[in-house]
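Undergrad: all I have is the shape, not the residue letters:
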């Protein structure tokens, strides 16, 4: 019997892929700590990342209420990709546009900012910040923090939302420049929650 398995990054909540597992693949996952699945096409068990290097360390396995589907919560570093297309997640094709989850929106922002640092395109405000260096990035973050406080004290909700978004953007620039990922931050928050 095959069971659908949803794979989700543990710290960010990002859904990475859907695959299938039989009992043997589930047992191998439990035994090794790495995600194993059953390929319906090749009719055999495979370990995710065995050829690409994009292995998934499984930290928790959950069954659904009917016990006919599984959720693998995995540690999957930001630089790895789950999809054979080269995308981070297999769920990148948009059928119906809606409001994205907070973490997914932040993840997308992080990837865009990281891309700007790598490519340094002309005319990009983000690339300009990276060119100007740490002092300018820190200065802009400080300015945005003060503007958030001002918006908070003024009681202007719409302005406060705008300023918080600016703060998150500039914080993301600082994180990328420092080599700190969203995953790093989420892991620290999870550690504090214990």
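TA: Received, thanks. The shown structure was predicted, so the numbers you read here are calculated from the model rather than taken from an experiment.
Undergrad: any weak-confidence spans in the protein?
TA: 95-103 (pLDDT under 70).
Undergrad: could you redo the last one with a cut-off of 90?
TA: Applying pLDDT under 90 to the chain flags the ranges 10-14, 77-79, 87-88, 91-108, 111, 182-184, 186-187, 189-194.
Undergrad: going by residue numbers, what spans are strands in it?
TA: Ranges of strands in the chain, per DSSP state E, are 3-9, 15-21, 36-39, 44-47, 57-63, 70-75.
Undergrad: now for the fifth one, which elements pack on it?
TA: Put plainly, it is strand 57-63. helix 23-32, strand 70-75 (3 or more CB pairs under 8 Å, 6 or more residues apart in numbering; DSSP states H and E). C-beta here means a position set from N, CA and C on the backbone, and glycine is covered the same way.
Undergrad: got the angle between it and strand 70-75?
TA: Here strand 57-63 runs at 160 degrees with respect to strand 70-75, directions being taken by axes from the mean of the first three to the mean of the last three CA atoms, to 10 degrees.
Undergrad: please name the nearest non-neighbouring residue to residue 62.
TA: Computed as CB to CB, 6 or more residues apart in numbering, the closest residue to residue 62 that is not its neighbour in sequence is residue 71, at 4.3 Å.
Undergrad: cool, residue 148 as well?
TA: Once flanking residues are discounted, residue 148 sits nearest to residue 163: 4.6 Å by CB to CB, 6+ apart.
Undergrad: returning to that earlier point: with mean neighbour count and distance to residue 118 added, can I get the strands of the chain in JSON lines?
TA: Below are the strands of the chain laid out as JSON lines (neighbours: other CB atoms under 10 Å; distance: least, CB to CB, whole Å):
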{"stretch": "strand 3-9", "mean neighbour count": "20", "distance to residue 118": "22"}
{"stretch": "strand 15-21", "mean neighbour count": "20", "distance to residue 118": "22"}
{"stretch": "strand 36-39", "mean neighbour count": "21", "distance to residue 118": "32"}
{"stretch": "strand 44-47", "mean neighbour count": "14", "distance to residue 118": "30"}
{"stretch": "strand 57-63", "mean neighbour count": "14", "distance to residue 118": "26"}
{"stretch": "strand 70-75", "mean neighbour count": "20", "distance to residue 118": "24"}
